[in-house]
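below is the sequence, then the predicted model.
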Amino acid sequence: MKLLRTLACLALFAFAAAPARADEVRVKDLGHFMGWRENALVGYGVVTGLAGSGDTPHSEVTRQALQNVLSRLGANVTSDQIQSRNVAVVVVTATLPPSAHPGDKLDVTVSSIGDARSLAGGTLLMTPLLGPDQRPYALAQGGLVVGGYRFESDLASEQKNYPGSAVVPGGATVETGVSSNLVGPGDELTFILKEPDVTTSMRIAGAINAALGRGAAGVRDPDTISIRTGGEDPYRLIAQIETVTVTPDDLARVVINERSGTVVAGGGVRISSVVISQGDIKVSVKVDNQASQPYAYGGYLPGAQSLVVTNTKIDVTPSKQDAVVSFPSTTVGDLVQGLHMAHVDTRGMISILQAIKAAGALHADIVVQ
């Protein structure tokens with residue numbers, strides 16, 4: 001079993017060390033058109049039908065909310081007359097899609113804001129969901145689905161997951177429709193990239209112009225591309241643009257998750273010459289640049305250019321198990337593979353990468369999660 005895990009790790013790092021392959025990506029996967037956005041909805045309501053696991057009578061908010069519900073239904077009671085533990089006051093949230101029509105269904109999330117122990121078995125009463133403009137856009141109601149439980153008896157308790165939160169699949173009905181206006185001033189469409197990058201923006205604009213054949217796309221800033229509709233149907237134009245494929249520029253980035261000990265890096269992230277000693281591990285990166293001058297019989301070729309060839313080598317030497325690993329290129333993938341072959345654990349790799357970045361030899365951004 002240990003051998004299988006070792007082989008799996010070797011295969012994983014060999015894959016990470018492979019050269020990065022540039023793939024074409026659809027434009028619609030790289031960003032969105034301005035105006036196409038979701039909207040948050042929120043409301044507060046009452047959950048009933050709990051088996052004694054609701055809010056205690058000390059919760060003034062719960063008693064006031066239940067009194068308001070009963071008064072709307074014609075029951076005249078005071079908050080002091082409400083002593084039930086079968087109800088709980090909750091906050092209800094949902095997400096309104098960019099385009100929605102009356103009658104559409106939305107999933108809602110219900111969270112207790114009182115001292116209820118569990119919402120299992122409860123039913124959410126009709127709750128208006130408000131938008132940022134304080135207008136009701138949907139009504140939520142239905143049985144709660146709780147992925148956990150909590151039971152108590154004689155000061156002993158048993159709990160699974162978090163029973164103070166629940167979901168109601170399709171529990172909200174849209175009452176006020178919304179639509180997105182994607183065409184801006186001057187009959188222009190605006191495409192916004194998820195990751196701002198000038199090179200990628202220029203490639204997208206060039207691909208759109210090549211597909212539409214009228215030079216309508218232009219780069220406004222690193223993450224914004226403006227497209228003139230020219231009086232055409234904007235949605236037909238959007239459908240054409242979304243299917244255009246481009247090769248986005250790779251970002252030199254190393255992602256480190258210290259909690260799980262995970263390192264993710266592009267195979268082409270470069271490392272310059274550097275020597276690091278971390279504990280008993282010594283990492284040496286050597287770079288040798290050689291120039292090749294074109295030559296022909298009788299003299300040099302006119303207009304020919306020299307070619308610079310870079311040869312690099314990485315030596316990894318641990319103290320207990322002497323090992324030297326050579327690589328044809330100096331990338332993070334090669335370094336990680338070599339450290340793994342030298343039996344360096346993942347957290348040791350993280351420390352080495354952080355030290356290389358601090359020395360200015362790692363030409364990439366380190367993102368620590």
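Looks like it arrived, so ask away.

so what's N311 up against?
By Cβ atoms under 8 Å, 6 or more residues apart in numbering, the contact set of N311 is V287, D288, N289, Q290. C-beta here means a position set from N, CA and C on the backbone, and glycine is covered the same way.

drop anything exposed from these.
Not one of the contacts of N311 meets the buried threshold, by 16 or more other Cβ atoms under 10 Å.

now I208: which helix or strand?
I208 is located in helix 198-212, with elements delineated by DSSP states H and E.

identify the residues contacting the helix or strand following that helix?
Sequence-wise, the next helix or strand downstream of helix 198-212 (DSSP H and E) is strand 217-221. With Cβ under 8 Å, 6+ apart as the contact definition, strand 217-221 has outside contacts at 190, 196, 198, 201-202, 204-206, 208-209, 225-228.

can these go into JSON lines with extra columns for pLDDT, neighbour count and distance to Q64?
Formatted as JSON lines, the contacts of strand 217-221 follow (pLDDT from 0 to 100; neighbours: other Cβ atoms under 10 Å; distance: Cβ to Cβ, whole Å):
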{"residue": "T190", "pLDDT": "91", "neighbour count": "16", "distance to Q64": "46"}
{"residue": "P196", "pLDDT": "88", "neighbour count": "13", "distance to Q64": "48"}
{"residue": "V198", "pLDDT": "91", "neighbour count": "12", "distance to Q64": "56"}
{"residue": "S201", "pLDDT": "92", "neighbour count": "26", "distance to Q64": "53"}
{"residue": "M202", "pLDDT": "93", "neighbour count": "16", "distance to Q64": "59"}
{"residue": "I204", "pLDDT": "92", "neighbour count": "25", "distance to Q64": "54"}
{"residue": "A205", "pLDDT": "92", "neighbour count": "21", "distance to Q64": "57"}
{"residue": "G206", "pLDDT": "91", "neighbour count": "14", "distance to Q64": "61"}
{"residue": "I208", "pLDDT": "91", "neighbour count": "25", "distance to Q64": "56"}
{"residue": "N209", "pLDDT": "91", "neighbour count": "16", "distance to Q64": "61"}
{"residue": "I225", "pLDDT": "92", "neighbour count": "24", "distance to Q64": "52"}
{"residue": "S226", "pLDDT": "91", "neighbour count": "18", "distance to Q64": "52"}
{"residue": "I227", "pLDDT": "91", "neighbour count": "23", "distance to Q64": "53"}
{"residue": "R228", "pLDDT": "89", "neighbour count": "17", "distance to Q64": "56"}
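
correct me, but M126 touches A140?
Yes. Between M126 and A140 a contact is recorded at 7.4 Å, counting by Cβ atoms under 8 Å.

overlap of the contact sets of these two?
Applying Cβ under 8 Å, 6+ apart, one finds that M126 and A140 are jointly contacted by G45.

what about those two, which has more around it?
Per other Cβ atoms under 10 Å, whichever of M126 and A140 has more neighbours is A140, with 25 against 12.

what lines up beside the helix or strand encompassing that one in the sheet?
If you go by DSSP H and E, A140 is part of strand 136-143. Strand 136-143 pairs in its sheet with strand 123-130 (antiparallel), strand 165-174 (antiparallel), by DSSP bridges.

so which of the contacts of N311 are in strands?
Counting by DSSP state E, the contacts of N311 place V287, D288, N289, Q290 in strands.
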